[in-house]
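*Asks:* Quick one, what's the 3D model for this:
(one chain, ligands or ions: 1)
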Amino acid sequence: MSRCPTSEERRLRNLVRRHDRWRGREVFNLLPSENAVSPIARSYLASDLAGRYTLPVTTEADGEVLDNSYTGTRYTDQIEQLANAAAARVFQARRATTRPLSGHIAALSVLAPLLPRGSKILAIPPDQGGYDGYAPGFAPALLGLSVRPLPADGPGHSVEAETAVSVIRRERPDAVLLGQSFFLFPYPLREIADAAHAVGALVLYDGSHVLGLVAGGEFQQPLREGADVLFGSTHKSFPGPQGGIIATDRDDLFDQLDPALVWRTFDNAHWNRIAGVAQTLLELERVGREYARTIVANSLALGGALADLGTPLVAERAGFTRSHQLHLDRPRLRAQWGIGAGAVARRLEAQRLLIDLVARIGTAEVTRLGLRPRDMPRLADLIVRGGRDGERVGPEVGRWRSRFPGLRFD
Ligand SMILES: Cc1ncc(COP(=O)(O)O)c(C=O)c1O
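*Replies:* Predicted structure coming up:
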């Protein structure tokens, strides 16, 4: 048998290497949905755990009670316990699980066992910054839920307490599903939770975008402010490998959720990923507060510097943001810069600056690289020269980027 790699294998190796060099060393990543994983967490992704199973679920077969379907799991199971305990500490929750494979799977894993088919939920519509997955044709269709809009019509798609409370009282939903893909400002959560609980509704908080800020004590503490369940992705402002977390103080809900995790929305939970998430949680216990504070400080500094250079941003009067995101104001961008947000993003991509095509700019990964508020005027200048003026700033970006070879906050 030949050990000589085929041309396709060589091509694949080359593509992965080129990707790693480009995304890991040559660009500034300002996509708010992504982050950089620490070297130790990355090493766990490539560990032997990557190919292993464990299923610590009690089953009965042929008169025998089994506590796992597999052998060889003595370390795997301890790793998972360590991860879940760390998640509970970081999110100040009585119970937590790191099993969901992603934020979306975490959402399905919460909604499916807690809400019977036919239940009514309130969710923020996608055209007001809500997550597309909660639009009627997607997760709700799969789970047999009806969705009514929870308006996010304040500055920067924020939710106003008075509006939310009156919609909750009118609609009397079974659950209020908070969380947005365009997520700038915390919710008036206590008011929302009081109104929801008064009509017997659960408050489910999808913190996919802001989970790293919540972990560091910034933004808001959903479980302290009235949310029944917090869940989300582990790879946006939370700087871990791609995955999902669920946390709650409510034993009754966790006891409903937990047995349904396996076999409803997944089987194998990918224990190499869980080891990586555990490492990230432990890192955040050490440095999460400074990490989260620096992200928000960078967002505010970048927002101010972009606005000073004439960049139209949403929620200017509300102070731009309290999160890791900034949003270009699309209509004003077209009117003032004469170009759409998608075209700006494509121009910037060619100049080694990645923002997304839907007008969001994120500061989590550049914070992880070590950029500080004092660096934001320079970053804003490069964004404006590259995005508005179509200047060839790529070489300057590349030289600056090479001064940040490692990660901070790990
Ligand atoms: C608010 C929100 N929830 C859930 C998801 C899905 O997360 P994942 O990609 O981890 O499945 C997203 C994705 O961007 C999101 O913005």
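*Asks:* And stretch 257-274, end to end?
*Replies:* Across stretch 257-274, the terminal residues are separated by 18 Å (CA to CA, to the nearest Å).
*Asks:* right, is it up against the ligand?
*Replies:* No - Stretch 257-274 does not reach the ligand (CB under 6 Å from any ligand atom); its nearest approach is 11.1 Å. Backbone N, C-alpha and C define where each C-beta goes, glycine included.
*Asks:* in that stretch, what's buried?
*Replies:* Residues 257, 258, 261, 262, 265, 266, 269, 270, 271, 272, 273, 274 are the ones in stretch 257-274 that count as buried (16 or more other CB atoms under 10 Å).
*Asks:* now that stretch: mean pLDDT?
*Replies:* Averaging the model's pLDDT scores along stretch 257-274 yields 93.
*Asks:* quick one: it to chain centroid distance?
*Replies:* 19 Å (CA atoms, centre = their mean, to the nearest Å).
*Asks:* For it, which outside residues touch it?
*Replies:* By CB atoms under 8 Å, 6 or more residues apart in numbering, the list of residues contacting stretch 257-274 from outside reads 44-47, 49-50, 52-55, 57, 76, 79-80, 83, 95, 97-101, 105, 108-110, 112-114, 229, 241-243, 246, 248.
*Asks:* May I see the PyMOL selection of the buried members of those?
*Replies:* Here is the PyMOL command that selects only those of the contacts of stretch 257-274 that count as buried (16+ other CB under 10 Å):
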select buried, resi 44+45+49+52+54+55+76+79+80+83+95+97+98+99+100+101+105+108+109+110+112+113+114+229+241+242+243+246+248
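*Asks:* In helices, which of the contacts of stretch 257-274 fall?
*Replies:* Within the contacts of stretch 257-274, membership in helices is found for 44-45, 76, 79-80, 83, 105, 108-110, 112-114, as judged by DSSP state H.
*Asks:* quick one: which of those residues is nearest residue 398?
*Replies:* The nearest member of the ones in helices among the contacts of stretch 257-274 to residue 398, counting by CB to CB, is residue 45 at 27.2 Å.
*Asks:* In this structure the closest one contacts residue 241, no?
*Replies:* Yes - distance between residue 45 and residue 241: 5.7 Å, which falls inside the contact criterion (CB atoms under 8 Å).
*Asks:* who touches both of these two?
*Replies:* 37, 273, 276.
*Asks:* what number of residues lie near the first one?
*Replies:* Residue 37 is flanked by 24 other residues according to other CB atoms under 10 Å.
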